[in-house]
Structure formats: structure tokens, C-alpha cells
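Undergrad: No sequence on hand, only this structure:
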């Protein structure tokens, strides 16, 4: 079983739409959680950390459900520039190893 | 600051050839990582290092070796390249803390093709 699983999509949404991505992780000892964004043929970059209480950064909201071991990312008022692949990432303290989901592809359509 | 840099950006090898990928970071990070990214597989950890002179195996270490002789550099070696090692290789670095401050910073990637 993979450490982190994501729906690969693709998600094709119109500008202004709200879109949500979910991710599940298998290791209950996971310590910290992140969403990264990866543009085509580029390196991943941190979008936001995911806090237990949930957190918001502008149009982006991340939530964590430890009991069900899933993480979500909500994007409101989608922009064309949001088109990218979104990677769910889980950190397990031992060796500070990070486990990446395969990514969810988003295309925002004019 | 340059952040994380990788050399080379592209490389084509023949089966059996060897090469070394160089990763350098100027953020004084303790931890460094090598990943490979393949379609449908996501990023998979090859090897990582928690400090100068130390290395450890990740999820897919076979066929690769690494060295961390200097804190700022992390080298990934392929002794005898195979077509299955055709991939995009990313280096990353981070501070040693886990939790919210353990953001990883990635290099631009090396696209390797093994014929």
C-alpha cells in the first residue's frame, strides 16, 4: 500500500470555480503534512503546510483529519494561474523522510 | 542566494555508462535528499542525508550511490546505468526539524535518458 494516495484527476474547471482535492495517508505516525505545487517540467514548491486546526492562505484552505488520515485542499475562485499539479506530502519523523502522493492535475479553463 | 542547484540539467547515457549528478545548496541545510520522478509514480526517495558524512537509503536505492563529503553538496552516482533509470531526478534540502518548519526546497531537476 502506498504511503500517500491521491486522486490523479485530471480536474478541469472553469475560472471562478471552487475545487477540492483529497489525499489519504497510511502511517498513523505521520507528523506533518503539506501541499506542494508543481508546474509542468518544473520542481515542486511548497504551497502550504497543513495544520491540525485547518488553515487558510488567501483562496486556499487546507484541512487535516487525523482520525480518518486524510488531508484536503480547497481552492476558491480558481484562476488560470492555478493550473498545475498538486502534490500531497506527508512527513514521518524517522529520518525526516517525506512521502509524496502522485499528484492531482488541475487545469483551469477560461 | 541560489537556493538548490543541480548539475547537469540534461544527460543522455548509454546502458552501462556511469555518471554523477551534483546537488549544491547555499541555505546551510542539514538534510539533503535525492528523488526520482516517473509518470504515475510520484516522487520516490532514493537516498538522503541528515548531515555531512552521513547517508541513508530511501525507498528505491538500488543502482545508486551517494556521498555527502561537504555539507552543501550531495552527489548521486550511477555506476552502471540501465534504461529503468531513465527519469527526472530532483535534489532537495531542508532544515533538520520535523513539523511545520521542515519545508523542502527543490532543485530544478536533471532529466536523464538511458538508451
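TA: Structure received. Because the structure is a prediction, the values reported are computed rather than measured. Numbers count the residues shown, from 1 in each chain, chains lettered A, B, ... in the order given.

Undergrad: What sits closest to residue A:80 if chain neighbours are left out?
TA: Of all residues not flanking residue A:80 in the chain, residue A:108 sits nearest, at 5.1 Å (C-beta to C-beta, 6 or more residues apart in numbering or on different chains). Placement of C-beta: from N, CA and C, glycine included.

Undergrad: pretty sure the one you found is touching residue A:13, no?
TA: Yes: contact criterion C-beta atoms under 8 Å: residue A:108 and residue A:13 qualify, at 5.8 Å.

Undergrad: what's near enough to touch residue B:16?
TA: Contacts of residue B:16 were listed using C-beta atoms under 8 Å, 6 or more residues apart in numbering or on different chains, and they are B:80-81.

Undergrad: What residues does residue 81 make contact with?
TA: This is for chain A. Taking C-beta under 8 Å, 6+ apart as the test, what residue A:81 contacts is residue A:108.

Undergrad: Let me rephrase: I mean chain B.
TA: With contact taken as C-beta under 8 Å, 6+ apart, residue B:81 is in contact with B:13-19, B:112, B:114.

Undergrad: Now do the residue lying closest to residue B:70 once chain neighbours are set aside against chain A, distance only.
TA: Spatial nearest neighbour of residue B:70, chain neighbours left out: residue B:52 (6.5 Å); criterion: C-beta to C-beta, 6+ apart. Noted for residue B:52: a distance of 15 Å to chain A, by C-beta to the nearest C-beta, to the nearest Å.

Undergrad: tell me the contacts of residue B:52?
TA: The contact partners of residue B:52, by C-beta under 8 Å, 6+ apart, come to B:68-71.

Undergrad: and of those residues, the nearest to residue A:98?
TA: Distance to residue A:98, by C-beta to C-beta, is smallest for residue B:68 among the contacts of residue B:52, at 17.6 Å.

Undergrad: residues contacting that closest one?
TA: Residue B:68 touches B:32, B:49, B:51-55, B:74-75, counting by C-beta under 8 Å, 6+ apart.

Undergrad: Looking at those, which are in strands?
TA: Taking DSSP state E as the definition of strands, the contacts of residue B:68 contribute B:32, B:49, B:51, B:54-55, B:74-75.

Undergrad: Output the contacting helices and strands for the longest strand along chain A.
TA: If each strand of chain A is counted by residues according to DSSP E, the longest one is strand A:84-92. With contacts defined as 3 or more C-beta pairs under 8 Å, 6 or more residues apart in numbering or on different chains; DSSP states H and E, the secondary structure elements packing on strand A:84-92 are strand A:4-6, strand A:19-25, strand A:32-38, strand A:70-75, strand A:97-100, strand A:104-109.
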